[in-house]
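Novice: Attaching a predicted model along with its sequence, questions to come.
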Amino acid sequence: MKKAILVLFVLFVFLQLAHGQKKDEKFKNIIQISANPVENQQKTGTCWSFATSSFLESEILRKGKGEYDLSEMFFVRQAYLQKAKKYLLYHGHANFGEGGQAHDVMNVIREFGIMPESEYTGKPINTEIHDHGKMEEELIRFIAKTNNGFNKKRAEEWEEQFNQILDTYLGKLPQEFGIKGQTYSPLGFTAFLAINPDDYLEFTSFTHHSFYERIDLEIPDNWSHDKYINVPIKELVEIIDSSLYRGYTVCWDGDTSEKSFNHRSGIATLDSGVADYPTARQNTFLSREMTDDHLMHITGIAEDENGEQFYRTKNSWGTDKSEYEGYLYMSVPYVKLKTIAILVHKNAVPQSIMNKIERP
């Protein structure tokens, strides 16, 4: 009996090693840029904050400042208030919800700064996970009611009441906090980390706008009407590659609705037989087949066993039930067809492309 158990144990270990070896051999990582551990956005629609926070954490590492875990919910909370103000300014004719874009984080940093996760988790006492369902419902009801009955009194009181809802679900914001023996405000912490939002550019690629101009991209989550630089898709991919080869990571926004986007297996692929990517992108964007679904963080380049290039991409859905512990590999055809936009450091963009861009 003992011998049989030993044989089964040895067989189990062999199979586990074989599986691990097979998994490792599927992709050969060519470039791996440092990133913080994978996180989990849980029951929220805040991928935009998780992806951009992860991107900034890698920027902080690149700058030699060390590893810092940034508070995603600080950005979420501050952005909610700005969305509410925009919604009321447009008399309710503006998007209000959980979704957002990478520039929302940059806009928060510009005005309010950065806060570490240790000082603001966005999880009040006795709350174990992020779950924004009830908060979202209450905020939508409140801002709609405020808009419909807007008057002088509401104009004076609504912001305080809005913040009280956020306090209940996310916790109150500290004005100052201590890190490694130093006291900072959020703006002071930003200065210490040497993060300047003006160092970062967003790019997109659609043919219904002129190339090399700064455009208001027509996606619902661009509620702030920020401008993206429109470039040919070939050059957008060139910017991604240039960034990674120069040691910069990329914040990626795109369509993840395809069945071939599989978090469990850690792969996102498409048929590489698309003859005309600009036309295919435009057609699927206008027909709403290509949608603005999800933001992630590209941290490297890999090759599969056939020598095909893939992008090593950090997701924000945790490490469970994921072949590559929260990472996945996106093929070049997938990125060419399904990318909505990217955010990169301006120094990572090839000069030949920068020379063509319309100056603001």
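Specialist: Cool, the structure landed. Numbers count the residues shown, from 1 in each chain.
Novice: Tell me which stretches of the stretch 151-300 of the chain form helices.
Specialist: For the stretch 151-300 of the chain, applying DSSP state H, counting those that start in this stretch gives helices covering 152-170, 186-193, 233-245, 277-286.
Novice: what does the shortest one rub up against?
Specialist: Applying C-beta atoms under 8 Å, 6 or more residues apart in numbering, the contact partners of helix 186-193 are 60, 63, 65, 68, 74, 109, 112-116, 177, 179, 182, 184. The C-beta positions use only the backbone N, C-alpha and C, and glycine is treated the same way.
Novice: sorry, back to before: out of the helices of the stretch 151-300 of the chain, which gets nearest to Asn95?
Specialist: With C-beta to C-beta as the measure, helix 152-170 is the member of those nearest Asn95 (16.6 Å).
Novice: Buried residues in that closest one, which are they?
Specialist: Of all the residues in helix 152-170, those buried under the rule 16 or more other C-beta atoms under 10 Å are Trp158, Phe162, Asn163, Ile165, Leu166, Tyr169, Leu170.
Novice: What distance do you get for the fourth one to Phe96?
Specialist: Ile165 sits at a distance of 13 Å from Phe96 (criterion: C-beta to C-beta, to the nearest Å).
Novice: mind checking which helix or strand of the chain has the lowest mean pLDDT?
Specialist: Lowest on mean pLDDT, DSSP states H and E among the helices and strands of the chain sits helix 2-26, with a mean of 42.
Novice: between the longest strand anywhere in the chain and helix 233-245, what angle do the directions make?
Specialist: Using DSSP state E, we find that the single longest strand of the chain is strand 294-304. For strand 294-304 against helix 233-245, the angle between stretch directions is 80 degrees (axes from the mean of the first three to the mean of the last three C-alpha atoms, to 10 degrees).
Novice: Strand 294-304 pairs with which strands?
Specialist: With DSSP bridges as the test, strand 294-304 is paired with strand 27-32 (antiparallel), strand 250-254 (antiparallel), strand 309-314 (antiparallel).
Novice: Return the most buried member of these.
Specialist: Mean neighbour count (mean count of other C-beta atoms under 10 Å) peaks for strand 250-254 among the strands paired with strand 294-304, with a mean of 26.
Novice: Can I get it in CSV? Just the C-alpha atoms.
Specialist: Below are the C-alpha coordinates for strand 250-254, written out as CSV (Å, rounded to 0.1, in the frame of the first residue of the first chain):
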residue,chain,number,x,y,z
VAL,A,250,2.5,50.9,-21.5
CYS,A,251,-1.0,51.5,-20.2
TRP,A,252,-3.3,49.7,-22.7
ASP,A,253,-7.0,50.3,-23.2
GLY,A,254,-9.0,48.0,-25.5
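Novice: If you average the pLDDT over that strand, what comes out?
Specialist: Mean per-residue pLDDT for strand 250-254: 98.
Novice: Any chance of the helices of the stretch 151-300 of the chain in a markdown table with distance to Val344 and mean pLDDT as columns?
Specialist: Output for the helices of the stretch 151-300 of the chain, formatted as a markdown table (distance: least, C-beta to C-beta, whole Å; pLDDT from 0 to 100):
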| stretch | distance to Val344 | mean pLDDT |
| --- | --- | --- |
| helix 152-170 | 30 | 93 |
| helix 186-193 | 18 | 98 |
| helix 233-245 | 5 | 98 |
| helix 277-286 | 19 | 97 |
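Novice: on that earlier part again, buried among the contacts of helix 186-193? Make that a ChimeraX selection.
Specialist: This is how ChimeraX selects the buried members of these, with burial counted by 16+ other C-beta under 10 Å:
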select :60,68,74,109,112,113,114,115,116,177,184
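Novice: if I pick the closest residue to Ile357 other than its chain neighbours, what's in contact with it?
Specialist: Leaving aside its chain neighbours, Ile357 sits nearest to Tyr212 (5.1 Å; criterion: C-beta to C-beta, 6 or more residues apart in numbering). Neighbour list for Tyr212: Ile229, Asn230, Val231, Lys356, Ile357, Glu358 [criterion: C-beta under 8 Å, 6+ apart].
Novice: Okay, the closest residue to the fourth one other than its chain neighbours and Pro186: tell me how far apart.
Specialist: Ranked by C-beta to C-beta, 6+ apart and with sequence neighbours excluded, the top spatial neighbour of Lys356 is Tyr212, at 4.6 Å. Relative to Pro186, Tyr212 is positioned 35 Å away (criterion: C-beta to C-beta).
Novice: rewinding a little: need the residues touching each of Ile165 and Phe96.
Specialist: Here Ile165 and Phe96 have Leu139 as joint contacts, going by C-beta under 8 Å, 6+ apart.
Novice: Could you count how many residues lie near His263?
Specialist: His263: 18 surrounding residues under other C-beta atoms under 10 Å.
Novice: Let me see the ranges of the strands in the stretch 51-200 of the chain.
Specialist: Using DSSP state E, counting those that start in this stretch, the strands of the stretch 51-200 of the chain run over residues 177-179, 182-184, 200-204.
Novice: Just put those in a markdown table and tack on mean pLDDT and distance to Arg288.
Specialist: As requested, the strands of the stretch 51-200 of the chain are arranged in a markdown table below (pLDDT from 0 to 100; distance: least, C-beta to C-beta, whole Å):
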| stretch | mean pLDDT | distance to Arg288 |
| --- | --- | --- |
| strand 177-179 | 94 | 43 |
| strand 182-184 | 97 | 44 |
| strand 200-204 | 98 | 16 |
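Novice: tell me the contacts of Lys83?
Specialist: Taking C-beta under 8 Å, 6+ apart as the criterion, Lys83 is in contact with Ala94, Asn95, Phe96, Gly97, Trp223.
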